[in-house]
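Trainee: Sequence and predicted structure below; questions after.
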Amino acid sequence: MSAQVLQTILVAAIVSVSTILGARHIAPGPFRSLQSSLARSLGNPQRGTWLRVLGRWLQPREAKQGSCGSGLGCASCGGCGTSEAKPADSIPLKFRPHSSQ
Amino acid sequence: MSEAVASLRLALVGNPNCGKTALFNQLTGGRQKVANYAGVTVERKEGRFRGPSGRAFQLLDLPGAYSLEASSPDEVITRDVCLGHFPGETAPDVIVCVADATNLRLHLRFVLEVRRLGRPMVLALNMMDAARRRGIAIDVQKLEAALGIPVVETIAVRRGGARDLISRLDAAIPAVASVDSASDLHDEARALIADAVSMPRRTARIDDAIDRVVLHPLLGLGLLAVIMFLIFQAVFSWAQPLMDGIEAGVGFLGSWVGAGLTSMPVLQSLVVDGIFAGVGGVLVFLPQILILFLFILALEESGYLPRAAFLLDRLMLKAGLTGRSFIPLLSSFACAIPGIMATRSIHDPRDRLTTILIAPLMTCSARLPVYALLIAAFIPNESVAGIFNLQGIVLFTLYAAGIVSALAVAWLVKLVRRDKSEHALLMELPSYRIPHPRDIAIGLWERGSIFLRRVGGIILSLTIILWFLSSFPGPPEGATDPAINYSFAGMLGRWLHVIFAPIGFNWQISIALVPGLAAREVAVASLATVYALSGHEEGLQAVVASQWSMATAFSLLAWYVFAPMCLSTLATVRRETNSWRQVWIMTAYLFALAYFASLLTYQIARAMGA
């Protein structure tokens, strides 16, 4: 294999992996949906063995979410460090008219 | 017996700042954040451990609560878990009620309230070492007999300090006998203390002596200003040798790796101009971040921070905030996300919303690399009045600008909101504590790891993507300009430049702002990559100093004081407010503020010849 071909393969692989990781960080929700759809499609029984194995591998695992629930993975913000914690339920703001308080 | 049958679900409950999370860490080996003030934990956390008999325990750490009649969102979680109303979760098998042994007058009331639930429970008398030092004697047997529940002594911050508690939990815990629920809890607590506790003084003598200075309306504020000022001085004065070392190391490694890739020029460019220039450009700021957090962690551990909240309460009230906003805003100096989550301890929803809206104006640690780069490039490293470092003064000013802007925005929100009622600050002031070096070291390790994970994760990924966008497509034949001018990034930068030209940003800055939305430090890495690909071989600081005007640098600093928050912050705001409207309001006002401040700064600086 010539140096040029090896270089092209390496650069393509590094850039592709970076794009996937970057997309997963920036848009975790859509990324998981896409990953799920792809895994389902590849896991179809009519597909070949290797494709089904790939589909199973791609199936999103139970996310280790940050406590903010952003789905970005533990401590992506660097703030909470709740590595093993389940995602917190949201505590939405609820306003009541002042007179009824 | 199967593990599922033997496993017990425990819940740690108690008043805020009694050491629940420290006990949680001690029992489970976890590293959840602990600090010496109320309101650090605002959500449930879960861990596991095994007792000496091999029995498995599932432990829940719950937010502190003064009563089961919850008045804030974090107390609601505790109440719901204890009552078995928390969605998707059954009530705990055993409640471990933690009480601060130095402050039983307050904490026993909650113990008695929890006892009325009638669930099996254990009382952990925590901070027994501090209680003994203060001469407080607790007759544990008498307390146990009076309460009708097992009572154990614990020292959550000492290795092995929870051994008795584990042994007790490993044995069967009986259900609480029915209790008279008609009597007044305060009366009951007072009677128990009279019977089983003797204390020479209600508060520690040393705390009172320190508080006379620290809480003084004038001296206290002066001391707070001096402490903050010294922190920012230290960030610049102490970090430089370490930063130089990292820069030299990264530079050497980059040259060495690059030299081995001469036969593959594109890969060499990716490694040298992309990875080493970009990631190395951010990595050098690790010492400054660690020094900043060294001080923040020490202050958190010491018990000084709630005093600072008390001192600033009047000022915050005038700005339309409450003293309760202080801790969430302080947390935002690390990152806006935990700060926004910490607003759950604010009872009033309007105060909470205002605090959420201004949290991103606090200077998070991700902005430090941008500030440090520009200050080092444009502000001379000289002393003022013989003792102060000019760069440190500028950094302090930038942090102060963020705080002042936050107060100004809060004041404006106060003007437009209909409910103008003010809420008095009721806050527990903890005892002072000498920060434990081990806790500080663990805290610094955590912060360092988080920063390095970001460098090796999102920053590396985006730097590589930017390298690709800055390198392709290649220049046409006969092109004379640098190749990056013909690339995707070059084209995008020129389009963006139209918007940012009035505030003095060149196309390189414009392009760096885009990945900076994912994480602010990426802006520095992006600038390093873009300039490296433009043929500048000197370090980023030198390039910036030679290529930008002073007005542009000041304008970018002003931009980053208000810089639009990262996408993770927006996700958290959406989650915490359950409203896209608030997300759009926050995004729009921060963009507008940033643009306007930069425009003003740039035009004034240019008019002054900068």
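Mentor: That came in fine, so what should we check first?

Trainee: Doesn't B:Ala424 belong to a helix?
Mentor: No - read with DSSP: H, G, I helix; E, B strand; the rest coil, B:Ala424 is coil and lies in no helix.

Trainee: wait, what's in contact with it?
Mentor: Residues counted as contacts of B:Ala424 (CB atoms under 8 Å, 6 or more residues apart in numbering or on different chains): none. Heads up, the C-betas are built off the backbone N, CA and C, glycines and all.

Trainee: Okay, it and B:Leu317: tell me how far apart.
Mentor: 9 Å (CB to CB, to the nearest Å).

Trainee: With B:Ala259 instead?
Mentor: Counting by CB to CB, the gap from B:Ala259 to B:Leu317 is 62 Å.

Trainee: Can you name the residues of the stretch 51-200 of chain B sitting close to chain A?
Mentor: B:Pro73, B:Asp74, B:Val76, B:Ile77, B:Pro87 (CB under 8 Å from any CB of the partner chain).

Trainee: most neighbours, which of those residues?
Mentor: With neighbours taken as other CB atoms under 10 Å in any protein chain shown, the top of those is B:Asp74, carrying 26 neighbours.

Trainee: where does the residue lying closest to that one once chain neighbours are set aside land in three-state SS?
Mentor: Of all residues beyond its chain neighbours, the one nearest B:Asp74 is B:Pro63 (3.8 Å), with distances taken as CB to CB, 6 or more residues apart in numbering or on different chains. Three-state call for B:Pro63 (three-state DSSP): coil.

Trainee: burial count for B:Pro63?
Mentor: If we define neighbours as other CB under 10 Å, then B:Pro63 has 28 of them.

Trainee: Verify the contact between it and B:Glu43 for me.
Mentor: Yes - counting by CB atoms under 8 Å, B:Pro63 does reach B:Glu43; the two are 6.7 Å apart.

Trainee: Can you pull the residues that touch both of those two?
Mentor: By CB under 8 Å, 6+ apart, the residues touching both B:Pro63 and B:Glu43 are B:Asp74, B:Ile77, B:Arg344.

Trainee: Could you single out the nearest of these to chain A?
Mentor: Nearest to chain A among the shared contacts of B:Pro63 and B:Glu43, counting by CB to the nearest CB, is B:Arg344 at 5.3 Å.

Trainee: and that closest one, what does it touch?
Mentor: Counting by CB under 8 Å, 6+ apart, B:Arg344 touches A:Ile91, B:Val42, B:Glu43, B:Pro63, B:Ser72, B:Pro73, B:Asp74, B:Arg352, B:Glu576.

Trainee: Identify the residue with the minimum pLDDT among those.
Mentor: Between the contacts of B:Arg344, the one the model trusts least by pLDDT is A:Ile91, at 54.

Trainee: residue ranges for the helices of the stretch 401-550 of chain B, please.
Mentor: B:437-454, B:460-471, B:488-500, B:507-513, B:522-533, B:540-547, B:550-562 (DSSP state H, counting those that start in this stretch).

Trainee: ok, now the stretch 201-350 of chain B?
Mentor: B:205-214, B:219-259, B:265-269, B:280-283, B:286-302, B:305-318, B:326-331, B:336-342, B:349-358.

Trainee: coming back round to it: settle it for me: which of B:Ala259 and B:Leu317 has more neighbours?
Mentor: With neighbours defined as other CB under 10 Å, B:Ala259 and B:Leu317 compare such that B:Leu317 has more, 17 against 10.
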